[in-house]
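Asker: sequence first, then the predicted structure, then my questions.
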Number of protein chains: 2
Amino acid sequence: MRTVTPPGDPGAETTGGYLKGRIRRKDIIAAARAVYAEAGYHGSSLREIAKRAGITHAGLLYYFPTKEALLAAVLQRRDAEDAARQHLDSSPGLDVLKSLIALAAHNVRHPGIVDLYVRLAAEAVGPDHPAHTYFERHYREARELTARSFRVLAARGDLRPGVDPELAALGFIALMDGLQVQWLTMPDEVDLVGALEAHLQSLLTVPL
Amino acid sequence: MRTVTPPGDPGAETTGGYLKGRIRRKDIIAAARAVYAEAGYHGSSLREIAKRAGITHAGLLYYFPTKEALLAAVLQRRDAEDAARQHLDSSPGLDVLKSLIALAAHNVRHPGIVDLYVRLAAEAVGPDHPAHTYFERHYREARELTARSFRVLAARGDLRPGVDPELAALGFIALMDGLQVQWLTMPDEVDLVGALEAHLQSLLTVPL
DNA sequence: CCTACCGATCGGTAGG
DNA sequence: CCTACCGATCGGTAGG
């Protein structure tokens, strides 16, 4: 065997290169997501990730030259999937808020995604963490899209008087995150979607 | 020197034993809190904690026989401090909710406590984590105390109609947690206390 | 992509 | 409480 394979070009990720390399990269990223979800980023070893992808850890480093490069690829893939799902770049308004709740409902059926997100977000609060900038951007974008949506609702008179769109947006995103932690800790006692709907309804003058 | 020192009796923690040993335990626990806050539990090493406490890691293990025993002591100490502050065991009602917001305001001035809590909670979502049971209990108790408070408000007519006390309680606790993560990630952009007050006000028919 | 290796670090123990 | 050690594991590199 030992056929021609692509170099460990950072930035190429899952696109570009030869077919075999693209498949390997996809497998490695999938394995990394699973292990990060179970053990966080710092708690994960390249050897464990590589084993699940069916190669050695030195082989993994052929495709992703450092541990951080692999994390970057995982985060990039998450963004690509979110964008592909297209729920979030519709025009601001009630639909955006509903699609955020739909995203939460989707996540409840895919606990691994929630695990990955919750663990990485908590690890990345420190400014030195390699995912810190990613989460700053992620939170800022989510908050601004949500704030715009609340402003649209306010202009229509659908927002309960006295509700500040910026604070409501901050709270809505925070509520999603906090609910995920409690839900992961005790899935049977936490109605994630119900709590989100109840919260949103309490901010509106119109039924959901 | 080498004077008589207490054995590594698990359960004794900071009470009991000789004075010197109690002081050492306190120092070690304080160092552990700081390191956990920076690196999480799994990311912390006994050597780093011991160094900050001014001993070797083998010396630390004389007082706390395993890494897990030290974590248990840290969690136990947190509960003791919360109980000593007595904010939380007043009778259910608006005062409890206000004191939770006051606790958040207190935490904003002590980021290390928030860091410790956020990191450990995220790590402990897995049922195998040594702090998992602690956080299950913690969440359940916080949620129940809050739910009781909302029920008291509802009976008085101070709760906005349509608000379910159980879901509101779940949401209030989750909001606190989620806000803490965003606040740690970008302190300048997040008004933690303002968002909590705005949220609580939106659930009430009376001014805060 | 693998084998084989490196230096560093880990939690824990032996023995005083 | 320390010195000295153990086996295990880590990310990364050399060299094919």
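Answerer: Okay, I see it.

Asker: and the nearest residue to residue A:44 once chain neighbours are set aside, what does it touch?
Answerer: Counting by CB to CB, 6 or more residues apart in numbering or on different chains, residue A:35 is the residue found nearest to residue A:44 once chain neighbours are left out, at 4.5 Å. In short, each C-beta sits where N, CA and C put it, glycine included. With contacts defined as CB atoms under 8 Å, 6 or more residues apart in numbering or on different chains, the neighbours of residue A:35 are A:44-45, A:48-49, A:52.

Asker: same deal with residue A:68?
Answerer: When contacts are counted by CB under 8 Å, 6+ apart, residue A:68 touches residue A:130.

Asker: that one is in what secondary structure piece?
Answerer: Assessed by DSSP states H and E, residue A:68 sits inside helix A:67-85.

Asker: restricting to C-alpha, output that helix in PDB.
Answerer: C-alpha atoms of helix A:67-85 as PDB (Å, rounded to 0.1, in the frame of the first residue of the first chain):
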ATOM      1  CA  LYS A  67      -3.200  18.700  19.300                       C
ATOM      2  CA  GLU A  68      -4.400  22.300  18.800                       C
ATOM      3  CA  ALA A  69      -4.700  21.900  15.100                       C
ATOM      4  CA  LEU A  70      -7.100  19.100  15.600                       C
ATOM      5  CA  LEU A  71      -9.200  21.100  18.000                       C
ATOM      6  CA  ALA A  72      -9.300  24.000  15.500                       C
ATOM      7  CA  ALA A  73     -10.500  21.500  12.800                       C
ATOM      8  CA  VAL A  74     -13.300  20.200  15.100                       C
ATOM      9  CA  LEU A  75     -14.500  23.800  15.900                       C
ATOM     10  CA  GLN A  76     -14.400  24.700  12.200                       C
ATOM     11  CA  ARG A  77     -16.400  21.700  11.400                       C
ATOM     12  CA  ARG A  78     -19.000  22.600  13.900                       C
ATOM     13  CA  ASP A  79     -19.400  26.000  12.400                       C
ATOM     14  CA  ALA A  80     -19.700  24.500   8.900                       C
ATOM     15  CA  GLU A  81     -22.500  22.200  10.100                       C
ATOM     16  CA  ASP A  82     -24.300  25.000  11.800                       C
ATOM     17  CA  ALA A  83     -24.100  27.100   8.700                       C
ATOM     18  CA  ALA A  84     -25.200  24.200   6.500                       C
ATOM     19  CA  ARG A  85     -28.200  23.800   8.700                       C
END
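
Asker: near DNA strand C at all, it?
Answerer: No: contact between helix A:67-85 and DNA strand C is absent, the nearest approach being 12.3 Å (criterion: CB under 7 Å from any atom of the strand).

Asker: could you find the closest non-adjacent residue to the one residue sitting closest to the centre of chain A?
Answerer: In chain A, the residue lying closest to the centroid (CA atoms, centre = their mean) is residue A:117, at 5.3 Å. Leaving aside its chain neighbours, residue A:117 sits nearest to residue A:180 (7.2 Å; criterion: CB to CB, 6+ apart).
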